[in-house]
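Peer 1: what shape does this take:
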Amino acid sequence: MGFDLKARLDERRARQRYRRPQVMDAPSGRTTRVDGREVLNFCSNDYLGLANDAQVIAAFRDAALRWGVGSGASHLVCGHQRPHQDLEEALADYTGRQRALLFSTGYMANLGALTALVGPGDAVFQDRLNHASLLDAGQLSGARSRRFAHNDAEALAGQLARSPAPRKLVVTDGVFSMDGDQAPLADYLHACEAEDAWLMVDDAHGLGVLDGEGRGTLFAQGVNDRVPVYMGTLGKALGTAGAFVAGSEALIETLTQFARTYVYTTAMPAAVAAATLVSLEKARREGWRRDKLGALIARFRRGAAALGYELMASDTPIQPIRVGGDGEALALSRALAERGLRVTAIRPPTVPEGQARLRVTLSAAHEEADVDVLLNALEAAKCPS
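Peer 2: This next block holds a predicted model:
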């Protein structure tokens, strides 16, 4: 039989699930440029509009001149430079933890943390809608992986009670990347504490956005001091790149020694760390960004609901419009593109079968008029002339 790659690709094309990257000829901000045309961008995860902030860019430029454009080695060899250390300390303070540890990507942070904490004989319990990196990490850890119904604390409690594993790790997104809703962390903690399990939260889409200072889902829900393992990314609301895990001294030392995706990879450029120090401070003190974002979210939800679109239960910048069929989602995305808007159609396997959607993401870089343009385009697409 061999590797029949063409048949596999043809099958994906036939199901209208074939995906290609489109080349952007401008920074990813409020607008971008595609095929020579400027478009309003409602796809970016740059929730606070910091990716193109002048002060963040200046910090990156100045640090590149001082530290170079590459770290030269892994953190444990000679790649851990002063900006890395300063950022780890700032992230630990921001998240209310003893320490934090930098990783090159969120995917690597999740792989490193799970495979360092659990292994064969242990058990990992995951929300059914967790990010792919968490699901992959659970499988690669060698622990027994169990998945429970989305945001269902009772289902989790039952699975925990039935598991004989000596170590039990519960893993969840804080804000779910394709639905935009939040995990019920207090209920999960109650289930974990009853069974001597640990909870790990991937807060990629909550950090910077939720809580008065942008400290994320755990602070917003009042449970930060009860969650042992916290993962956050730097490439979304903070506008740069990379990720970190924060927790106790013992946790971070464990990851330093045993997280293979930390030990065996080159450290992020120091310039990225230096730029993130600036964006982190801006995220913390510039509350107007979250206020503006909240107003834009409310405006969009009111308008889309009035047009009869099916929204999901989200008060975050992730505002999915559920369409259902893959073809219908692609058609709606194309209709918006014709009107100068970039909103990507999300199809299985990224989302469950029959739940294709347009994933609208809002940013503090947007203006009210931008949201109105999107709503007008959605109205025209719904009722073509």
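
Peer 1: does His47 touch Gly235 like I think?
Peer 2: In this structure residue 47 is Tyr, not His. No. Taking contacts as CB atoms under 8 Å, Tyr47 lies outside contact range of Gly235: 10.9 Å. Where you see a C-beta, it was placed from the backbone N, CA and C, and this is true even at glycine.

Peer 1: of those two, which one has the most company?
Peer 2: Just comparing Tyr47 and Gly235: by other CB atoms under 10 Å the higher neighbour count belongs to Tyr47, 29 against 18.

Peer 1: and the gap between the closest residue to Ala377 other than its chain neighbours and Glu89?
Peer 2: Leaving aside its chain neighbours, Ala377 sits nearest to Arg339 (4.3 Å; criterion: CB to CB, 6 or more residues apart in numbering). Distance, Arg339 to Glu89, by CB to CB, to the nearest Å: 47 Å.

Peer 1: chain center to stretch 20-37, what's the gap?
Peer 2: 21 Å (CA atoms, centre = their mean, to the nearest Å).

Peer 1: go on, stretch 192-205?
Peer 2: That offset, for stretch 192-205, works out to 17 Å (CA atoms, centre = their mean).

Peer 1: give the buried residues for stretch 91-104.
Peer 2: 91-92, 94-95, 97, 99-104 (16 or more other CB atoms under 10 Å).

Peer 1: contacts for that stretch, please.
Peer 2: 75, 84, 87-89, 109, 112, 213, 215-216, 218-219, 224-225, 230, 232, 242-249, 251-252, 255-256, 259, 261-262, 265-268, 273, 280, 284 (CB atoms under 8 Å, 6 or more residues apart in numbering).

Peer 1: again, but for stretch 301-311
Peer 2: Residues contacting stretch 301-311 (CB under 8 Å, 6+ apart): 319-323, 371-372, 375, 378-379, 382.

Peer 1: just the buried members of those?
Peer 2: The buried subset of the contacts of stretch 301-311 (16+ other CB under 10 Å) comprises 319-323, 371, 375, 378.

Peer 1: dump stretch 237-256 to CSV, restricted to CA.
Peer 2: The C-alpha coordinates for stretch 237-256 follow below in CSV (Å, rounded to 0.1, in the frame of the first residue of the first chain):
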residue,chain,number,x,y,z
ALA,A,237,-3.0,39.6,24.2
LEU,A,238,0.7,40.5,25.0
GLY,A,239,1.4,40.8,21.3
THR,A,240,4.9,39.1,21.0
ALA,A,241,5.7,35.4,20.9
GLY,A,242,6.4,32.5,23.2
ALA,A,243,4.9,31.2,26.4
PHE,A,244,5.5,30.4,30.1
VAL,A,245,4.5,28.1,32.9
ALA,A,246,4.1,29.7,36.4
GLY,A,247,3.8,28.0,39.8
SER,A,248,5.7,27.0,42.9
GLU,A,249,9.5,26.8,43.2
ALA,A,250,9.3,23.0,43.2
LEU,A,251,7.1,23.0,40.0
ILE,A,252,9.5,25.3,38.1
GLU,A,253,12.6,23.4,39.2
THR,A,254,10.9,20.1,38.1
LEU,A,255,10.2,21.6,34.7
THR,A,256,13.7,22.9,34.4
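
Peer 1: tell me the mean pLDDT for that stretch?
Peer 2: Mean pLDDT, computed over stretch 237-256, is 98.

Peer 1: and it, how far from the chain's centre?
Peer 2: On CA atoms, centre = their mean, the centre of stretch 237-256 falls 15 Å from the chain's centre.

Peer 1: in the strand or helix carrying Arg301, what's buried?
Peer 2: Assigned by DSSP states H and E, Arg301 belongs to helix 288-306. Across helix 288-306, burial judged by 16+ other CB under 10 Å covers 289-290, 292-294, 296-297, 299-301, 303-304.

Peer 1: what's the answer for stretch 187-200, then?
Peer 2: 188-189, 191-192, 195, 197-200.
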